[in-house]
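1. Coordinates for the following, if possible.
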Amino acid sequence: MPARPADAAQLPAGGLQIGKLLAVPADYLDCGTPLGTVAIADLLGSLAAFEHLTAGSCPTPVDAALYRLSGCTVLLDRYFPLVATLDAGSRTAFYQHVQRVGLHPGLDLHLQGEEAQGYSQQVPADVRALVAGQLVELFFYRPDLLAALLARPRHIWLYTSPRAFAQGGGVAGGDYDPATERLQLVLARLYEGYFADLPGVSPFIHELGHLLDCAELDPDAVTPSRRQRSRRHRGEVGSGLLPGLRHADGALFLPEARRRFLAGKRLEAQRYRRCRAGDDADPPIGHPYVFQTDGEFLAGHLELFLRTPHYFALRNPTLYSAFSLVFGQDPRQARASDFAFYVQENQRAYAPGHGQLDALGLTLPIA
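-> Just a heads-up that it's a prediction; the model follows:
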């Protein structure tokens, strides 16, 4: 029988609540076209296996769990706002690209459990799709940049639980370690911003910003580069520039985007200095945290570009246009509204009585 409204009965032992519906293993869920019906017993089995894998530390949205079972890409549409702007053919191309990137040899996607138990051959389908999909969404209109990025391995290590993350040497639930060139994240944080209709907080995008900051590109993007890069000690940052903004990026270098990025960054630094001196009339866009280092500035504003594009473009159109030039897109077209939490928290940080701000830690090259 189909799942029934939640007010029809108490949730029975071994049952499942999905939104306003209650279900038991003998039920099925009618998901409509194109997914069709899903046996609740199968869904419960998949959820139980995932709970065991993550030691119960990783709740997941039901559409991700259903994708894990079915592979139906419609279930992922809300995870990638850009998809809403695409026609049917482009949408198909988007998910084909997600599949290719998810299996690309340049994407070293590693899943590690407690006691260093490796699960890289058992990465759930939705996990791989969320990682690859966020890369594809960011670079959908810049396949040349993505090809150059993946021309050498990019290491993304996910950990099944906070304990596994700590055992692996991770910091604060998510970090990028330049010494090992790893983006490291507790698996639960991959889903963290996806329990509402529009994507919210995105630790993955933030740490991806650090990876992009430190990533040397192969402009030829034909085969993985054989050059050996110098190892940075943990805590050091790259140039604080996106791919395409660095002179060393060769044919991928965008001089106008670099000019706008540096001009917009100088404006934000001036705003921060004024707030630090007690003038709160024109606060920066980003949280004080992003003014610690060039790398944090880049990572924090990459998040704002994708999650608060309306506020970002209004307050600093020059810096916003630099990101748009690099990625060939305007996220305002994909989001009807901003993620309000980021805007509110950042504004609150500079409100009267905010207290002493740390010294500015940015470098501001002229060109």
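2. From here on, just use CA atoms for contacts and neighbour counts.
-> OK.
3. Report the contact partners of the residue nearest to the spatial centre of the chain.
-> Centrality entry for the chain: nearest residue to the mean C-alpha point is I205, 2.8 Å, by CA atoms, centre = their mean. I205 is in contact with 134, 299, 302-303, counting by CA atoms under 8 Å, 6 or more residues apart in numbering.
4. Out of the residues you listed, grab the one that's most surrounded.
-> Ranked by neighbour count (other CA atoms under 10 Å), the contacts of I205 have A299 at the top, with 25 neighbours.
5. Quick check: it vs S120, distance?
-> Here A299 is placed at a distance of 27 Å from S120 (CA to CA, to the nearest Å).
6. now swap in S337 and tell me
-> S337 sits 37 Å away from S120, going by CA to CA.
7. Likewise for R258?
-> 37 Å.
8. Same question for S161.
-> Applying CA to CA to S161 and S120 gives a distance of 15 Å.
9. Those two - which one has more neighbours?
-> Neighbours per residue (other CA under 10 Å) separate S161 from S120, with S161 holding more: 24 against 15.
10. That one contacts S57, correct?
-> Yes: taking contacts as CA atoms under 8 Å, S161 lies within contact range of S57: 5.9 Å.
11. Give the residues shared as contacts by those two.
-> With CA under 8 Å, 6+ apart as the test, S161 and S57 both reach A188.
12. all strands for the chain, in order.
-> Residue ranges of the strands in the chain, as given by DSSP state E, are 4-5, 16-18, 21-23, 28-30, 37-39, 107-112, 154-159, 174-177, 182-186.
13. Identify each buried residue in the fourth one, please.
-> Of the residues in strand 28-30, those buried under the neighbour-count criterion (16 or more other CA atoms under 10 Å) are 28-29.
14. counting contacts, what elements does that strand pack onto?
-> strand 37-39 (3 or more CA pairs under 8 Å, 6 or more residues apart in numbering; DSSP states H and E).
15. just checking, what packs against the strand it packs on?
-> strand 28-30.
16. Low-confidence stretches in the stretch 251-367 of the chain?
-> The model of the stretch 251-367 of the chain has no residue with pLDDT under 70.
17. all helices for it, in order.
-> 255-276, 294-307, 309-315, 317-327, 340-349 (DSSP state H, counting those that start in this stretch).
18. of all those helices, which lies closest to R154?
-> helix 294-307 (16.8 Å; CA to CA).
19. Mind giving me the packing neighbours of that closest one?
-> So helix 294-307, by 3+ CA pairs under 8 Å, 6+ apart, packs with helix 203-214, helix 317-327.
20. Can you tell me which of those is packed in deepest?
-> helix 203-214 (a mean of 24; mean count of other CA atoms under 10 Å).
21. Please tell me how far it is from the chain's geometric centre.
-> 8 Å (CA atoms, centre = their mean, to the nearest Å).
22. and what of stretch 357-367?
-> That offset, for stretch 357-367, works out to 25 Å (CA atoms, centre = their mean).
23. buried set for it?
-> Result for stretch 357-367 [16+ other CA under 10 Å]: buried residues 357, 360, 362.
24. Pull the residues that contact that stretch.
-> 258-259, 262, 265-266, 269, 272-273, 276, 288, 291-294, 297.
25. so what's the residue lying closest to D197 once chain neighbours are set aside up against?
-> In space, D197 comes closest to R78 once its chain neighbours are excluded; the distance is 7.1 Å by CA to CA, 6 or more residues apart in numbering. Contact partners of R78, counting by CA under 8 Å, 6+ apart, are 197-199.
26. now do H301
-> So H301 contacts G286 (CA under 8 Å, 6+ apart).
27. all numbers from here: first residue = 56
-> OK, 56 is where the count begins now, so the last one is H356.
28. State the distance from it to D85.
-> 41 Å.
29. With A139 instead?
-> 24 Å.
30. Output stretch 156-170 in CSV, but only the C-alpha positions, please.
-> C-alpha atoms of stretch 156-170 as CSV (Å, rounded to 0.1, in the frame of the first residue of the first chain):
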residue,chain,number,x,y,z
VAL,A,156,33.8,14.2,-13.7
GLY,A,157,32.7,11.7,-11.0
LEU,A,158,34.8,9.0,-12.7
HIS,A,159,37.6,11.3,-14.0
PRO,A,160,41.1,10.1,-13.0
GLY,A,161,41.9,13.7,-12.0
LEU,A,162,39.2,13.5,-9.2
ASP,A,163,40.8,11.5,-6.4
LEU,A,164,37.7,11.1,-4.3
HIS,A,165,38.6,9.1,-1.2
LEU,A,166,36.2,8.0,1.6
GLN,A,167,37.8,7.1,4.8
GLY,A,168,36.3,5.6,7.9
GLU,A,169,37.5,5.1,11.5
GLU,A,170,40.8,3.4,12.1
